[in-house]
Every structure is written in C-alpha cells, then in structure tokens.
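Colleague: Sequence and predicted model, in that order:
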Amino acid sequence: MLLPSESIGIEPPSTNMCRSTPMQSPSFSTRVEPPGLRNKQLADLGITEVNLGDKEFADLEFNAVLIAEDKADRTVEDGSVSGLSKVVAVDILSEVVGTPTSNFRADSECSQVEDHGQHQHRHWDFFLSHKQSNAQDTVQNLMMILTARLPGVSFWLDVEQDPTEKGMRHGVQNSKDVLIYLTTGLVESKYCQMEMRWALEFEKNIILVMETDERHGKPSIDTLITSCPPDLKHIFAENVIIPWYRDPEFREISVEKIIRARSVKKAGPTVLAESTTKLKFMTRSKSCDSGGGDVFDWTFVYFTVLCGVALPGAGKKTKAWSMAVRIILLTCGCMCLSRVFTTEGPAFWDTGTIVQIVVAHPIVFLFLHVTLAILKSPLIADLLENRIDAPVEAKLLRLKTRIGTCVAALLTVSLSFWGWAAYLPAFFDMYYLESASQQRPATLLMFGLAHGLTWVLILPLFFGSLFASLLMMFVLQELSFMALLTSFNELGPEFTRTGITATVATNSGLNINELDLYHFQVSFIENWKIYKALQWRASIPFVVFWFLEFGLMSWSLWSLSQGFEADPSDPRVDRLRENWFLRVRLSWFLGSSLWFGAGAWIVALTPFGVSYYAWRMEMQSKQILFTHPGLRHSFLAFLAGFDLNFRVLLLHATVRLLPLYVCILIVNTVGFDADAVRIWRAV
C-alpha cells in the first residue's frame, strides 16, 4: 500500500520531538471508522487500514499534521506547524493507533514552549479562557469557526502557547479581547480567576460565551455568580452572555454576536499608568508638572491666562478675565477709529496706519474667539479623552509648548515696549495735557489720557492674545496629528511604547495580519475626519486674513510703481521732522505690522506648517517594514488616499503653492517698505 508520505513526496521528520527518550512504537493495526470527524479526515484520503512500524508511524504522524493543518486553514508564520494543527493531528493519531492523546500532546506542548521565545512581542485578537476538563474541544471548534469567518484572526490558547502563569498573563495583556467560555466549575478554577482578573487589570474587552449543552458542562448562571469571587461578580452584570449552540443555524447567530462584541481597540499593553495618556488642559497650578495627563507646560497655561485665553476647566476669575479681554479689544478698536476724526496734535500721523490698527483688532478678536470655541467643543474633549494614546509625542508636546511660550512671551514684551515708545509720548504730549490753558478744546485732554492709558493696557493684550491664539492653533494641530499617530498602535504595541519614530528606526519588520491592517484603517479614517474638521474650524480667521492680503496687493503694486525716490511733498515728512516718536512709530510698523511686517509673515505662514506633518507622515510610513510585502503595499496605497495638507476654500497651504503665497507677502511687504523709504529720504 502506498504510504501517505510517499503519495505527497515529503521526507518525514524525526519522531523524537522534545521527548527525553524516543517513543517505542510497535506495529499497530486498526480500521478507520466513519463516525469520528478525525477518522473521516483519514478516510477522505483513502486510508482505511494501516499496519505501522516505527518508520511508518513517523510517516503517518507527519502527514496527519499536514492534514489537520489544511483542514484548520491556519497560517504558518514561522515555518513550523501551528499549534492547533499539532493538537488535531495528535488526536487523529490517537484514534488511528488507539494510543492516549497525552503521550503525543506532550510533544506539541513541549515544542510550543520552546518556540515561545520567538513570540515575546506578538499580540493576539482573542485570548480564550476556559476550563480544560469540559471545554477544551468546544473552544478549539469555536476557534476554527471564527477563523473561517475572520481570515487572519489570531488566538491565544493554552495548548498552543506558554501555559505558565507568566505566559497566560502575557497573553491576556497582549490580546484585544478576552473570550471567557462559561462551563460548570469555571469560576472555581484558580487559573480562570487569574485570567479574569488580568482582563480587568488591563482593561480588556470581555466577551462571555455560555455552553448550552448539558453533556458539555452547561452551567447555571445563578450558580456561577454565587460561586464567583466578590471582585469578579460584576463581570456578569456588565457583559452580555452569548449562548453557544451546536446546531448550525443557531450557531451562526452565536458567531455573529461574538463578532459584534469584539473590540476595535489596539492590542498590546493598555495599563493606564504605563501606556495610555489621558490628555487634559492644566489650568490650576504646576503641581502636576512632573507627570499625569497634563501635556501642556505650566508656563504655557500661565501665559494664555494672562493674555485672556481661558482654557477648558479654568476658574471663574480666569473666565471673567477672558471675557474682559475680548471686550477691551473691541473697545480699543472703536477708540482707534475715533482717531481718524481727531487729526489735531502730534498723535496723528496718517490715516493709513490708523486703518491698519483698526482692522487688526477684529482679526485678533476673531483668532481668539475661534480658538476658544474649538477648545471648548465636544470634538476636542473626545480627542483628548478617547483618541490619543501617544505618550512619546505627548512628552515632546510639553517641550514644544514651553519653547513656543518663551518665544511668544519674548515677542509680546519686545513689541509692546517698542509700541509704547512709539505711541505713549504722543498721547501724553503737553499739547493734550495743557489743552485747557492753551485755549484748546477740553476734549483733547480726555483724548490724550484715554488713549494713552488704553495703549498701556492694550498692547501686551493685543500681541499676547494673537500669539497665544497662534500657539493654540499649533497645539491643536499637534493633537490632531497625535490622534493620527495613535491609529498606528493598531499595527503593534511597539508604536505605543516607543512611538513611530523609534519604531521606524529599529528597521524591524512588523508581523501583522489583514485584521490588524483593517483595524488601523478604521481608526485612521475616524481620526482623519477629526483632523480635517479641526482644520475647517480653525481656517476662518486665516481665510479672512488671506482675503485681506490679496486685497492689499493693489495698493502695494501702486506703491512699487512710485519707486523709492524721496517725496518732499508728502505731508507726513514735516510731522516726522518735528516728532522723534513718529519715526519710532514708522519703524515699529515696518517691523511688526500685522499686514506688512513680521506679524503678517507669522500669521500668513502658520497654515503651511501642516505640510510638515503631511511630509513627516509620508516619510515615516514609507520606512515601516512588513513581514508580508503585500500588506505593505496595501498600507501605503491606503495612506496615499488621504490628504493631510491645509486645504480650505481659496486657501490651499501646500508646498507646491507656497511660492505663490510667499510672492504675495513679498509684494505687500516691499510695497509698504517703498512708501517708508520715500518718506525717510525726504526727511
């Protein structure tokens, strides 16, 4: 008779598999009976009677493994036969040769223990918790059925993995879902209790499946709850119990319920203290500076409070101050508008600079209002609470906000002092203070004092609010990008522990399956929608600003057409000769104007910072290695379909269009400079 090994042309391996002594196998003779499923698997190959010696037994053992592997449709990831295949193959041999399965199953378990070191960092979709004495076979069948419904799904099962206490804890910690198969005596099992406690400790999604056949250990729910330790009773109250039926029609319903009960969270450790960072705005003190979920540096919080930006969770006093700052900004804008109609005295230089200041006030107010509205929106609350798990990026954000706060504070102080030197000497000039004795209208005294005192207060608030708003725009962009990076956690726990940058630097391939990639895609799409929604909400002030910049080009082009020669006929020349502080004012506008100076460039180019995130995401994604090249192609093709650049209405802040926007800024800046040069030369 042709032996199975000869029929498929494979050289059988040695039978000495992790045993202390080779198994002595005499000749066996038996006939395959049709009722058994495993017997039917051999009968399908035409094997009805065998006479086995040592070599023949080895042939059948090896080929039985291949048969079981084919039937189970398991993925062989490391070149060896999967644990499930080995178990089924051993059971096939036990029925063929009439030998207890324990003799053969020990081989399988031993080889699995040897291979455990190769899977220290692997993760699974399901951890199967069950009582071996009455649920082992059922759980294996359940595993095969779920594999057929969810190709590529992975399981932690004791007969396949390290069955020690350390191995079981590792399995629970690195599984997405813990499926507990309820049978009689399960809650009394020491190991099942440990697995349930680990599932609670690691905040795993628990799926309860109950046996319904009396012959296979159908439990009484009341008995289970009564026998359950007090700290585990709530599991039965918080999770729906799914009955497991053997009838094919009812079984499909059970399988469907199990699939729907699955978690879409990432695999890997999810201990809050170790890997999950619940982000929140710190608004009270710097007591949490060393740890916790506060990712924003305390200097940033204090700076925003001083500038009138009340972060979520701020106290009543801070909120009242924030409201007062917005009222002050609008009031100051109206006061500046009144200067157009008060051309007497040294405080007036020209109408153009007054118009610049008047229009700048509502723009800053718009930035401040939009920023606060976004911060207090449910979108940000959901983002901070549920969608960000990037501890490495969170630490970097603290450093970035501290550096950004220092720069913003330095700019606010320097520009405020520069502005005070340009305006306060004019408003407190004796022309206004001695107006009553010089037979001038008394309103000039009120004009000078009111504007002078207002400018003392408004300048730091004006610049501070602007830079605080821009800094918050930067932070919001960082948070939305961190949400996108959190999606990569679905591909492996290493992304959570070390971040995408460090993971890419290791140049080690990711051992993922189609299901992991699917979970990543679902998470990335959800976070990308939030990413774009935040861009739309934050775009309003930037779109208004760029609309005005486009409009200013007509004046700038006219100014450039006038050349750079001196213009003595300009009425501003005489005012500059008479008052030194007006010359300071001209230099202040050249350096800090929101439309032509440094302020214009900072505000205008802020949306283009998004292009850096798009480039970074693209570069790092291309450097991620996969053990399955086909999945890498699908991964990159998926990411290529999502645009991370800032594209809202007429504002397309992309690298390709950056030269066009820079040209607009250059034209406006040089146009204003040309006007100033003509005056300076005449002076």
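Modeller: Looks like it arrived, so ask away. Numbering: from 1, shown residues only.

Colleague: In contact with residue 344, which residues?
Modeller: Residues near residue 344 by C-beta atoms under 8 Å, 6 or more residues apart in numbering: 440, 444. In this view, the C-beta of every residue, glycine as well, is placed from N, C-alpha and C.

Colleague: tell me the SS of it?
Modeller: Secondary structure, DSSP: H, G, I helix; E, B strand; the rest coil: residue 344 is coil.

Colleague: show me what contacts residue 181?
Modeller: Residue 181 neighbours (C-beta under 8 Å, 6+ apart): 128-131, 135, 138-139, 142, 209-211, 244.

Colleague: Can you list which of those are found in strands?
Modeller: With DSSP state E as the criterion, strands contain 128-129, 209-211, 244 from among those.

Colleague: ok, and the most crowded of these?
Modeller: Tallying neighbours with other C-beta atoms under 10 Å puts residue 129 at the head of the ones in strands among the contacts of residue 181, with 31 neighbours.

Colleague: Let me see the contact set for it.
Modeller: Residues near residue 129 by C-beta under 8 Å, 6+ apart: 178-181, 192, 195-196, 199.

Colleague: Tabulate these (TSV), appending distance to residue 484, pLDDT and secondary structure.
Modeller: Output for these, formatted as TSV (distance: C-beta to C-beta, whole Å; pLDDT from 0 to 100; DSSP: H, G, I helix; E, B strand; the rest coil):
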residue	distance to residue 484	pLDDT	secondary structure
178	28	94	strand
179	30	94	strand
180	34	95	strand
181	37	94	strand
192	39	93	helix
195	34	94	helix
196	34	94	helix
199	29	93	helix
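
Colleague: Closest to residue 565 out of the ones in strands among the contacts of residue 181?
Modeller: residue 128 (86.6 Å; C-beta to C-beta).

Colleague: Surely the closest one is in contact with residue 156?
Modeller: Yes. Using C-beta atoms under 8 Å, residue 128 makes contact with residue 156 at a distance of 6.5 Å.

Colleague: buried sites along stretch 139-153?
Modeller: 139-140, 142-144, 146-147, 150, 153 (16 or more other C-beta atoms under 10 Å).

Colleague: Against which helices or strands is the helix or strand where residue 542 lies packed?
Modeller: Using DSSP states H and E, residue 542 sits within helix 514-561. Secondary-structure packing of helix 514-561 (3 or more C-beta pairs under 8 Å, 6 or more residues apart in numbering; DSSP states H and E): helix 351-375, helix 378-386, helix 443-487, helix 598-605, helix 629-640, strand 646-648, strand 651-653, helix 658-682.

Colleague: And for the fifth one, what's in contact with it?
Modeller: By that I understand helix 629-640. Counting contacts by C-beta under 8 Å, 6+ apart, the residues outside helix 629-640 that touch it are 512-514, 517, 520-521, 524, 617-618, 621-622, 624-626.

Colleague: what's the angle from that helix to helix 443-487?
Modeller: If you take axes from the mean of the first three to the mean of the last three C-alpha atoms, to 10 degrees, helix 629-640 sits at 160 degrees to helix 443-487.

Colleague: got it, and the last one?
Modeller: Our comparison of helix 658-682 with helix 443-487, counting by the same axes, to 10 degrees, yields an angle of 160 degrees.

Colleague: List of residues touching helix 658-682?
Modeller: Where contact means C-beta under 8 Å, 6+ apart, the residues beyond helix 658-682 that reach it are 546, 549-550, 552-553, 555-560, 562-568, 570, 572-573, 576, 586, 589-590, 593, 595-597, 600-601, 604-605, 608, 611, 653.

Colleague: Most neighbours of all the contacts of residue 129, which one?
Modeller: Neighbour-wise, the contacts of residue 129 (other C-beta under 10 Å) top out at residue 179, 27 neighbours.

Colleague: From residue 220, how far off is that residue?
Modeller: According to C-beta to C-beta, to the nearest Å, residue 179 and residue 220 sit 20 Å apart.

Colleague: cool, residue 557 as well?
Modeller: Counting by C-beta to C-beta - residue 557 and residue 220 are separated by 87 Å.

Colleague: With residue 373 instead?
Modeller: 56 Å.

Colleague: now do residue 683
Modeller: 99 Å.

Colleague: out of the two, which sits in the more crowded spot?
Modeller: A direct count of neighbours by other C-beta under 10 Å for residue 683 and residue 220 places residue 683 higher, at 16 against 10.

Colleague: Residue 157: how many residues sit nearby?
Modeller: Going by other C-beta under 10 Å, the residues that sit close to residue 157 add up to 22.

Colleague: I misspoke; the intended subject was residue 437.
Modeller: The tally of other residues near residue 437 (other C-beta under 10 Å) stands at 8.

Colleague: Would you verify that it is located in a strand?
Modeller: No. Secondary structure of residue 437 (three-state DSSP): coil, not part of a strand.

Colleague: how about it, phi and psi?
Modeller: Residue 437 has phi and psi values of phi -80, psi -20 when expressed as degrees, to the nearest 10.

Colleague: Please apply the same query to residue 160.
Modeller: For residue 160, the backbone dihedrals are phi -100, psi -20 (criterion: degrees, to the nearest 10).

Colleague: now swap in the one 4 residues further on and tell me
Modeller: Main-chain dihedrals, residue 164, degrees, to the nearest 10: phi -70, psi 170.
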